[in-house]
Each structure stands twice: as C-alpha cells, then as structure tokens.
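Asker: I'll drop the sequence and a predicted model, then ask my questions.
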Amino acid sequence: MTQRMFTATICALLFTGYASAEKLIHKADMPQAVRKTADAQRQGAVVRGYSKDSENGQVEYEEELLVNGHTKDITMDARGNVMEVEEEVALSSLPQSVQSALKNRAPQGQIRKVESLTKGGKLVAYEAQVYTNGKHSEIQVGPNGERLAHEE
C-alpha cells in the first residue's frame, strides 16, 4: 500500500467514525520485552502490522499476523505478556453446539468470519462478524456455545 493510499484510508475511517484510539506503529516503537514476545509469536507467520492502544489506562500492543491464510492477532501488555489471542477459525471446524449457537444468534445474518478468543492461555469465547441487511455487527458465545454473562 502506498503512503497516499494509506493516508486516504485513515482519513476515510476518521470521517466515517470507524477509527479507534488504536495507533499504527513500527516494531521499533515497542518496548524490548514486547518485541521479544512478538518475535516468538510470529514464527511461521507473515506480519501484517503492529499497533498500540490504551484500554482502561493500560497500554497494550498488538501484532497482526497471517498464518497459513488466516488472521491471528496477539495483544500484549507493556511487559510483553500475552493478554489475548484472536485467531480466525472455520465455522465448520467448531463443535456443533458452537455452530448452532452462533447461527441462532444471527438468524437473518450472514456469518462472515469467526475467531477464537483466548485469554491467559484459555479459550474464553468465539466471536463472529455478522452481516445483516447492509450492517456489520459482532456476536460472541462461550467455548461450548453458551451465552456469555459479558462480552470478552
């Protein structure tokens, strides 16, 4: 992507209200501990980019990867600890209970992408991007297809 295209994309996002506080950065802008974790996590993957964000006053870094044709995003704290992993999975590869729960939560929509959400090394949810009547939304279910008490 050229610099001009990148700038145009960012401007379009800002004007349409889809931009977040997330800031694109270079690997060199991350603390040494975060770079070390990022290097370990990317084995066998293509790096799509890095970003920095602040959640509840805590700085977080994200490494966006492409692994064997699917996305994988690693969120780390400033000390390099992995906080969350979002990894694209095929809907058909999930247990039937999870597939059914996602489809039931999006009865009129088309499920476009599903990711597993792992925190502290433990699968906590599946998140699906849904397209319904021209609008995008996200839904989540627990590891066994159950409703979650709160969004992960």
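Answerer: Ah, there it is.

Asker: ok, Gln108 - contacts?
Answerer: With contact taken as CB atoms under 8 Å, 6 or more residues apart in numbering, Gln108 is in contact with Thr132, Asn133. No exception for glycine: its C-beta is placed from N, CA and C like everyone else's.

Asker: One more pass at 6 Å, please.
Answerer: Contacts for Gln108 (CB atoms under 6 Å, 6 or more residues apart in numbering) come out as Thr132.

Asker: gap between it and Ser92?
Answerer: For Gln108, the distance to Ser92 equals 21 Å [CB to CB, to the nearest Å].

Asker: Then Glu146?
Answerer: Note on Glu146: its distance to Ser92, by CB to CB, is 20 Å.

Asker: ok, now Tyr126?
Answerer: Using CB to CB, Tyr126 is found at 13 Å from Ser92.

Asker: domains in the chain, as residue ranges please.
Answerer: Under automatic domain parsing, the residue ranges defining each domain of the chain are 22-83, 90-152.

Asker: gap between the two ends of stretch 121-141?
Answerer: For stretch 121-141, the first and last residues are 18 Å from each other (CA to CA, to the nearest Å).

Asker: Which one of Glu146 and Ser92 is surrounded by more residues?
Answerer: Glu146 (12 against 7; other CB atoms under 10 Å).

Asker: Next, give phi and psi for the closest residue to that one other than its chain neighbours.
Answerer: Using CB to CB, 6 or more residues apart in numbering and skipping residues adjacent in sequence, the residue nearest Glu146 is Ala101, 7.3 Å away. Dihedral pair for Ala101: phi -60, psi -40, per degrees, to the nearest 10.

Asker: Ala101: how many residues sit nearby?
Answerer: By the criterion of other CB under 10 Å, Ala101 has 22 neighbours.

Asker: now swap in the one 10 residues further on and tell me
Answerer: Number of residues near Ile111 (other CB under 10 Å) recorded here: 16.

Asker: just the one 4 residues further on next, same as before
Answerer: Under the neighbour criterion other CB under 10 Å, Glu115 is assigned a count of 21.
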